[in-house]
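1. After the sequence you'll find the predicted model.
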2 protein chains.
Amino acid sequence: MTTAPDSPNQIMIRKLDSIFVLTDEEKQALTDLPVQIKNIKTNHDIVRVGDQPAQCCFIVEGFTCVYKVSIEGKRQIMALHVPGDIPDLQSLHLRVLDINIASISPCKLGFIQHKDLNQLFERHPRLAGVFWRETLIYASIFREWLLNIGQREAYSRIAHIICELMLRLKAVGLVENNTFHMPVTQAEIADATGMTPVHVNRVFQALRSDGLIQTDKSRMTIPDWNKIQQAGEFDPLYLHIEKDAAS
Amino acid sequence: MTTAPDSPNQIMIRKLDSIFVLTDEEKQALTDLPVQIKNIKTNHDIVRVGDQPAQCCFIVEGFTCVYKVSIEGKRQIMALHVPGDIPDLQSLHLRVLDINIASISPCKLGFIQHKDLNQLFERHPRLAGVFWRETLIYASIFREWLLNIGQREAYSRIAHIICELMLRLKAVGLVENNTFHMPVTQAEIADATGMTPVHVNRVFQALRSDGLIQTDKSRMTIPDWNKIQQAGEFDPLYLHIEKDAAS
DNA sequence: CGAGTACTTGAGGATACTCAACGGTCGTGG
DNA sequence: CCACGACCGTTGAGTATCCTCAAGTACTCG
């Protein structure tokens, strides 16, 4: 009685439901949101600094990242986004974007008009709180990354980011047998952790030889969660996940 | 006809007005918010990881910081807050705090109950958007700090943080003749920039001898804005300030 | 099969850290 | 009024983590 189970909106609903349990009515309202689907290629800017979008997008498939480039030309990746995430939700209240968002893999995106979101919030005031909460969790992740980059050494830093991705993918049901698709290059990990690709590569080798990760192309397997969690000093409180999706 | 001009709420109103111009009616509603004032000493935790506060606070006087401690015992300061700021506004939608907030100078704080805020939002829906915007700007600052720590070298990093503080203080009218009160120790700057106090000290000496800053106790003077702005690669877009307060 | 991209390896070097000690200032109390 | 402790800032010497530069190897795709 609920809805088309394969509507692209479902992945976003699953994500939101993982951080704040939704009623059936709210899920229905979200399912009915008008959405425009677009496919984009790898390494394509979705929005750029200075843009003033009238819409935001959520990820149906693929990974995106938020980045800025320093005047010296160095790129910092500030966030990675996985299916279900809404990377530019902030544009709802910050009209002028101060960041770039790009795909780092082939992506399927769903675009929602701001006006449709605002209408939704009028009818379902609790949902405004859920979306607000979503933006606050992104802020919380930024803070954790600050701790990560500022205080942890390279080995823990990379272990931490892998732990985070695994839990976030698990929340939307994209982890099976401790294995998940992670289409992130070592160069991108480098830009996300404030390191060089060369050093990331060396740390990856150390993580592999210590049995913390197994990689095969872009598939990542975590043989021993406790071990990598400890290495990454990972405490999931900051993700504010309330409910894990069973996969 | 507005209100008691010296009510403690005014500093918060001035801050909010700087990021989203308020109507007189909205200012009045904010002035009427019930507030409890408390004075606290330096280096005192206001809230801690795991707390579930039913209120949030704004700063009337003094500076606070948001911090976390890694398992290795290293402290990362993720944000500095100045008068007018609402450091724990996120607690409105993230019930369990994942951060600590502490004073770094003697502070006067105003506490607002969550229920009073929610009531305010019901009567003035636009204000909910303003407070949401406020949390989004904090997120934007976190992102800029990521760029700062991840990609810039020590000299620019410290110049940048000084630029930011000056602009934020200017927005609430706390800068006179390019001089402002900055009660932040070098050890705190170190924890905020992911450096050691020793190295911060050396960079401060370089900044002084290059004529970018002048310090006298906790008073900071910026003789040449363009120079330090350039050194810090500082672009204020990310602060999303719409209106500067004249001092 | 060639070009592009990602990954890997080596050697040398620089930024920033660690450890340790000293000086200056301020508030407190005898 | 001076002595004391506490905190902050400063300086020096040695060092480690991570960077730079450079080249070479796999893999994928048209």
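-> Right, received. Where do you want to start?

2. Return the residues of chain A in contact with DNA strand D.
-> Residues of chain A found near DNA strand D (Cβ under 7 Å from any atom of the strand) are A:153-155, A:194-196, A:198-199, A:217. (C-beta placed from N, C-alpha, C; glycine too.)

3. Go through those and give me the one with the most neighbours.
-> Across the residues of chain A next to DNA strand D, neighbour numbers were computed from other Cβ atoms under 10 Å in any protein chain shown; A:Gly194 holds the maximum, 22 neighbours.

4. Would you confirm that it contacts B:Gln151?
-> Yes. In this structure, A:Gly194 is within contact of B:Gln151 by Cβ atoms under 8 Å, at 6.5 Å.

5. Just the buried residues of stretch A:233-245, please?
-> A:233-234, A:238-241, A:245 (16 or more other Cβ atoms under 10 Å in any protein chain shown).

6. Under the pLDDT cut-off, which ranges of chain A? List them.
-> A:1-5, A:245-247 (pLDDT under 70).

7. Which stretches in it count as helices?
-> A:9-19, A:24-31, A:114-123, A:125-151, A:154-171, A:186-193, A:197-209, A:225-231 (DSSP state H).

8. Take those helices and write them to JSON lines, including distance to B:Pro125.
-> Putting these into JSON lines (distance: least, Cβ to Cβ, whole Å) gives the following:
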{"stretch": "helix A:9-19", "distance to B:Pro125": "21"}
{"stretch": "helix A:24-31", "distance to B:Pro125": "18"}
{"stretch": "helix A:114-123", "distance to B:Pro125": "8"}
{"stretch": "helix A:125-151", "distance to B:Pro125": "9"}
{"stretch": "helix A:154-171", "distance to B:Pro125": "30"}
{"stretch": "helix A:186-193", "distance to B:Pro125": "37"}
{"stretch": "helix A:197-209", "distance to B:Pro125": "46"}
{"stretch": "helix A:225-231", "distance to B:Pro125": "42"}
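
9. Quick check: chain neighbours aside, which residue is closest to A:Arg48?
-> In space, and not counting its chain neighbours, A:Arg48 is closest to A:Asn100: 5.1 Å by Cβ to Cβ, 6 or more residues apart in numbering or on different chains.

10. can you pull up the bridge partners for that neighbour?
-> A:Tyr67 (DSSP bridges).

11. about what we covered before: nearest to A:Lys108, of the residues of chain A next to DNA strand D?
-> Closest to A:Lys108 out of these is A:Lys217 (20.2 Å), distances taken as Cβ to Cβ.

12. Quick check: that closest one vs A:Met182, distance?
-> Counting by Cβ to Cβ, to the nearest Å, the gap from A:Lys217 to A:Met182 is 10 Å.

13. What residues are bridge-paired with A:Arg219?
-> A:His181, A:Asp216.

14. how near is the residue of chain A found nearest DNA strand D to A:Lys243?
-> For chain A, the residue closest to DNA strand D is A:His199, as judged by Cβ to the nearest atom of the strand, at 3.2 Å. Using Cβ to Cβ, A:His199 is found at 37 Å from A:Lys243.

15. got a list of what the closest residue to A:Ile137 other than its chain neighbours touches?
-> Distances taken as Cβ to Cβ, 6+ apart place A:His240 nearest to A:Ile137, at 5.1 Å, with adjacent residues excluded. A:His240 is in contact with A:19, A:133, A:136-137, A:140, B:94, B:96, B:98, counting by Cβ atoms under 8 Å, 6 or more residues apart in numbering or on different chains.

16. can you rerun that using 10 Å?
-> A:18-20, A:133-134, A:136-137, A:140-141, B:93-96, B:98 (Cβ atoms under 10 Å, 6 or more residues apart in numbering or on different chains).

17. and if you look at A:Met182?
-> A:63, A:80, A:82, A:105, A:162, A:165-166, A:169, A:174, A:189, A:213, A:215, A:217-221.

18. ok, for A:Val66, nearest residue in space, not its chain neighbours?
-> A:Ala79 (4.2 Å).

19. surely that neighbour meets A:Cys65?
-> Yes. Assessed by Cβ atoms under 10 Å, A:Ala79 is found in contact with A:Cys65 at 6.5 Å.

20. so what's in contact with these two at the same time?
-> Common neighbours of A:Ala79 and A:Cys65, counting by Cβ under 10 Å, 6+ apart, are A:87, A:99, A:101, A:192.

21. neighbours of the second one, just the number please.
-> Looking back up the chat, that one is A:Ile99. 25.

22. What distance do you get for the residue nearest to it when sequence neighbours are not counted to A:Ile86?
-> Excluding the flanking residues, the one nearest A:Ile99 by Cβ to Cβ, 6+ apart is A:Val66, at 5.1 Å. Separation of A:Val66 from A:Ile86 (Cβ to Cβ): 12 Å.

23. which neighbours do those two share?
-> A:Tyr138.

24. How about A:Arg123, nearest residue that isn't a chain neighbour?
-> That would be A:Ala29: by Cβ to Cβ, 6+ apart, it lies 6.9 Å from A:Arg123.

25. Contact partners for the one you found?
-> Applying Cβ under 10 Å, 6+ apart, the residues contacting A:Ala29 are A:13, A:22-23, A:119-120, A:123-124, A:127.

26. how about the residue nearest to A:Val66, what does it touch?
-> A:Ala79 touches A:64-67, A:85, A:87, A:99, A:101, A:138, A:141-142, A:145, A:192, B:139, B:143, B:146, counting by Cβ under 10 Å, 6+ apart.

27. hmm, back to that, now render the buried residues of stretch A:233-245 as TSV, adding distance to A:Asp6.
-> As requested, the buried residues of stretch A:233-245 are arranged in TSV below (distance: Cβ to Cβ, whole Å):
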residue	distance to A:Asp6
A:Glu233	39
A:Phe234	33
A:Tyr238	32
A:Leu239	27
A:His240	28
A:Ile241	24
A:Ala245	16
